[in-house]
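J.: starting from these lines, generate the structure:
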Amino acid sequence: MTVELPPDPATTCSWVILESGQRWAAATRRFAVELMPHPWVASIVSAGLPSNESPLPAQALSAQSRSIVLWEIDQADFCRTCDSLASLAIEYPGSLRLAAATGLSDNRRIMISELAVAATIANPEDLPSLAGMLHAYFATPRHLLD
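T.: A predicted model of the protein is given here:
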């Protein structure tokens, strides 16, 4: 008989997915095992795009020193999204911010990169290409010595 212990809160990372549907959250769940280095575990929180009525899920971000925010860029409300991304970088500097955007112009892609966004991807299938960056994000000096 095998007994599984609950994940250690010290090695649980919140993934906050801000999107208009469920496409990015489903892909994150699918690829989470290969994106998270051992012993880290992903806790995926799916939320809609923030608005005046529904702000960021701050409880998911403040609970962990390390968190990943995957934000689907709303091109119809691009300026507001940029303001929110800038605020996120200031309020939660320990978070790793990723942008999900299809069809961004080069100028808009450059603007997003200036807002402390680590990577911009166009398709959910691109998530595995971020594994190296995510493993580096979770690396610690102790991990490097092992």
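
J.: residue boundaries of the helices in this protein?
T.: 23-35, 58-62, 78-91, 106-113, 131-138, 141-145 (DSSP state H).

J.: go through the ones you listed and name the closest to residue 49.
T.: Evaluated over those, closeness to residue 49 peaks at helix 78-91, with 8.1 Å, by Cβ to Cβ. Using the backbone N, CA and C atoms, a C-beta is placed for each residue, glycine as well.

J.: let me see the residues that make contact with that closest one.
T.: Surrounding helix 78-91, the residues in contact under the criterion Cβ atoms under 8 Å, 6 or more residues apart in numbering are 50, 56, 61, 69, 71, 73-74, 95, 97, 99, 108, 111-112, 115-117.

J.: please identify the most buried of the helices of the chain.
T.: Highest mean neighbour count among the helices of the chain (mean count of other Cβ atoms under 10 Å): helix 23-35, with a mean of 17.

J.: got the angle for that helix vs helix 131-138?
T.: Between the axes of helix 23-35 and helix 131-138, defined by axes from the mean of the first three to the mean of the last three Cα atoms, to 10 degrees, the angle is 70 degrees.

J.: for this protein, where's the lowest mean pLDDT among helices and strands?
T.: helix 141-145 (a mean of 53; mean pLDDT, DSSP states H and E).

J.: follow-up on the earlier one: as a markdown table, the helices of the chain with distance to residue 123 would be great.
T.: Converted to a markdown table, the helices of the chain look like this (distance: least, Cβ to Cβ, whole Å):
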| stretch | distance to residue 123 |
| --- | --- |
| helix 23-35 | 9 |
| helix 58-62 | 24 |
| helix 78-91 | 19 |
| helix 106-113 | 15 |
| helix 131-138 | 15 |
| helix 141-145 | 30 |
